[in-house]
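output the structure for:
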Amino acid sequence: MKLKFQIFILLFATVVFSQEQEVAPPYNIKTVTFSQNVNNTIPFFRLGESFNLQFDDLFGNEEDYYYTIEHYNYDWTPSQLLKNEYISGLDNQRIQDYQNSLNCLQVYSHYKLSFPNRFNQIIKSGNYIVKVYDDEQNIIFSRKFIIYEDLTSIGVTIRRSRDMETIKHKQNIEFFIDYKDKPLQNPKENFKVSIYQNGKFSNAIHNIKPQYTIGTQLIYRYNKETQFWAGNEFLNFENKNIRAASNAIAKVTTGDIYNTILYTNEPRKNKIYTYFPDINGNFFVTNFNTTNNEIEADYAWVYFGLAADENSLNKSVYISGMFNNYQISDEFKMEYNASTKTFEKAVLIKQGFTNYQYTLVDANGKIDEENAIDGNFYQTENEYIVLVYYKGPAERYDRVVGIARQNSTEIKN
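Next up is the predicted model:
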């Protein structure tokens, strides 16, 4: 009986305190993105700001979709707040803003959910997940986003690694938090931080404690604990003119929809670093001869090719970027063609300008950044974001009280 009780407690703790993960959308849901002022953006928003969640349904049959908003702790476990404590109004509403595609070979319905809206407004900072359901309350997908307040001052410096083994391959984040004259209790223990590289949730660094304090400043000058593999510049293609080839596009063919066939890429790991301007994994939906890109941009089958010796990799290769939320799934897994010695994959992508990268994943599903196909170069241009959380002794949730952004183009030795 004692053993059974211990097992029950362990299972209960696993269920109650497990971190919430995003639910990937099904095949028919495409181009899920947060946006501000038309442009896709990393989903970190100031409290009170307006932003949108947008997506396409390739079935194009004007389905009824509903959404809920849920608040989470720093570690993405459910917070103790009741819904009416972080939302003014009601969620679980139908998404009413949708339009059908216009003059496109690929039919789709485009949905847009605005925040705030006439039904609800988020009134507290913190970690959030928006969940989208069908009319039978089956979850279709979910996406994380973060709401922050500007209550602290944060200074960030990007440096090369001090470890000689990784000095050419990693970037180190140093920063301080200055809470000035704000009445915060025991800030050294009650502050928490998260560090993001290009807004990715998959390789973010959490739970870093300050090393020491100077007056009202908390100082974080770690080396290994705050390092990221630098990676390489993202690859890109532009098919805003969906009928034309370009620098990255070898040819275009037609079928039921357009086929965009890219030039075969070669691994850049053993090559000299070359700076190619990118948008750090982002993408822009655009059709050069239309006025409403949301519904007039078409979809194309984009054919990717990566020249590689299968034996030298011995791992799975995926195509990733913000266009698919860096999703690791069979839809984006490349197949090896032994006759051409090339990894190949066709992916359905909305036309425009798209950043992408080849991601190496081991048999356990873990992303292998150290042995990245395109290498790691300390010169790589990355954007780093530091988010600061605070939870006082009498508070019931983790507030996000500050944000800072820094680009590695200003990297220091």
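
can I see the domain layout of the protein?
Using the TED database, the domain parsing of the chain gives 29-148, 153-231+379-407, 238-354.

can you check which of these gets nearest to Asp362?
Set against Asp362 and scored by C-beta to C-beta, these come closest in domain 238-354, at 5.4 Å. All C-beta atoms are positioned from the backbone trio N, CA, C, and that covers glycine.

show me what contacts Trp229?
Counting by C-beta atoms under 8 Å, 6 or more residues apart in numbering, Trp229 touches His169, Lys170, Asn203, Glu369, Glu370, Ala372, Asn376.

ok, and the closest non-adjacent residue to Glu266?
Residue nearest to Glu266 in three dimensions, not counting chain neighbours: Ala307, with 5.0 Å by C-beta to C-beta, 6 or more residues apart in numbering.

dig out what the one you found forms beta bridges with.
Thr342 (DSSP bridges).

show me the contacts for it.
Thr264, Asn265, Glu266, Pro267, Lys341, Thr342.

compute the first-to-last residue distance for stretch 81-88.
In stretch 81-88, first residue to last residue: 13 Å (C-alpha to C-alpha, to the nearest Å).

what's the host helix or strand of Leu53 packed up against?
Using DSSP states H and E, Leu53 sits in strand 51-57. For strand 51-57, the packing partners by 3 or more C-beta pairs under 8 Å, 6 or more residues apart in numbering; DSSP states H and E come out as strand 29-36, strand 109-115, strand 139-148.

what's the burial count for Tyr401?
You called it Tyr, but residue 401 is Val. 22 (other C-beta atoms under 10 Å).

for the spatially closest residue to it that is not a sequence neighbour, grab phi and psi.
For Val401, ignoring the flanking residues on the chain, the nearest one in space by C-beta to C-beta, 6+ apart is Leu151 at 4.1 Å. Backbone torsions for Leu151, taken as degrees, to the nearest 10, come to phi -120, psi -10.

who touches Leu151 in this structure?
Contacts of Leu151 (C-beta under 8 Å, 6+ apart): Tyr179, Lys182, Tyr390, Val401, Gly402.

just Phe343 next, same as before
Phe304, Gly305, Leu306, Ala308, Val317, Met334, Glu335, Tyr336, Asn337, Tyr358.

returning to that earlier point: pipe the contacts of Trp229 into a markdown table and attach distance to Gly281, pLDDT and neighbour count per row.
Converted to a markdown table, the contacts of Trp229 look like this (distance: C-beta to C-beta, whole Å; pLDDT from 0 to 100; neighbours: other C-beta atoms under 10 Å):
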| residue | distance to Gly281 | pLDDT | neighbour count |
| --- | --- | --- | --- |
| His169 | 19 | 97 | 21 |
| Lys170 | 19 | 97 | 24 |
| Asn203 | 12 | 95 | 15 |
| Glu369 | 14 | 96 | 18 |
| Glu370 | 19 | 95 | 11 |
| Ala372 | 14 | 95 | 22 |
| Asn376 | 16 | 97 | 21 |
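
tell me the two of those residues that are most distant?
Greatest spacing in those, by C-beta to C-beta: His169 and Asn203 (14.4 Å).

re earlier: in its sheet, what does the strand holding Leu53 sit against?
Sheet partners by DSSP bridges: for strand 51-57, these are strand 29-36 (antiparallel), strand 109-115 (antiparallel).

got the angle for the last one vs strand 139-148?
Just to be clear, that refers to strand 109-115. 30 degrees (axes from the mean of the first three to the mean of the last three C-alpha atoms, to 10 degrees).

state the mean pLDDT of strand 109-115.
Mean pLDDT, computed over strand 109-115, is 97.

in that strand, what's buried?
Buried residues in strand 109-115, counted by 16 or more other C-beta atoms under 10 Å: Ser109, His110, Tyr111, Leu113, Phe115.

go on, the longest one?
For strand 29-36, the neighbour count (16+ other C-beta under 10 Å) marks Ile29, Lys30, Thr31, Val32, Thr33, Phe34, Ser35 as buried.

I'd like to know which of these is nearest to Lys350.
Once C-beta to C-beta is applied, the member of the buried residues of strand 29-36 that ends up nearest Lys350 is Thr31, at 4.8 Å.

and the pLDDT for that closest one?
Reading off the model, Thr31 has pLDDT 97.

repeat for Leu10
The model's pLDDT for Leu10 equals 45.

hmm, back to that, distance to Asn382 added to the buried residues of strand 109-115, as a markdown table?
Output for those, formatted as a markdown table (distance: C-beta to C-beta, whole Å):
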| residue | distance to Asn382 |
| --- | --- |
| Ser109 | 35 |
| His110 | 31 |
| Tyr111 | 31 |
| Leu113 | 30 |
| Phe115 | 28 |
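
quick one on the thing from earlier: can you select the buried ones among the contacts of Ala307 for me in ChimeraX?
Buried subset of those, written as a ChimeraX selection, criterion 16+ other C-beta under 10 Å:
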select :264,265,267,342
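
which stretches in the chain count as helices?
Here the chain has its helices, by DSSP state H, at 2-17, 83-86, 187-190, 293-296, 310-313.

mean pLDDT lowest for which of those helices?
helix 2-17 (a mean of 47).

just for this protein, where's the confidence low?
1-17, 311-313 (pLDDT under 70).

let's check: the centremost residue of it is which one?
Residue closest to the mean C-alpha point of the chain, counted by C-alpha atoms, centre = their mean, is Lys200 at 4.1 Å.

OK, contacts around that residue?
Applying C-beta under 8 Å, 6+ apart to Lys200 gives the contacts Gly281, Tyr326.

surely Ile300 and Thr260 touch.
Just to correct that, residue 300 is Ala rather than Ile. Yes: between Ala300 and Thr260 a contact is recorded at 4.6 Å, counting by C-beta atoms under 8 Å.

identify the contacts common to these two.
Asn239, Ile242, Ile349.

could you dump these to TSV with distance to Gln96 and neighbour count?
Putting these into TSV (distance: C-beta to C-beta, whole Å; neighbours: other C-beta atoms under 10 Å) gives the following:
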residue	distance to Gln96	neighbour count
Asn239	31	28
Ile242	30	23
Ile349	27	24
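
would CSV of the residues you listed with distance to Phe288 be doable?
As requested, the shared contacts of Ala300 and Thr260 are exported to CSV (distance: C-beta to C-beta, whole Å):
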residue, distance to Phe288
Asn239, 10
Ile242, 9
Ile349, 16
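
out of these, who's nearest Thr286?
Distances from Thr286 to those, taken by C-beta to C-beta, are shortest for Asn239, at 9.6 Å.
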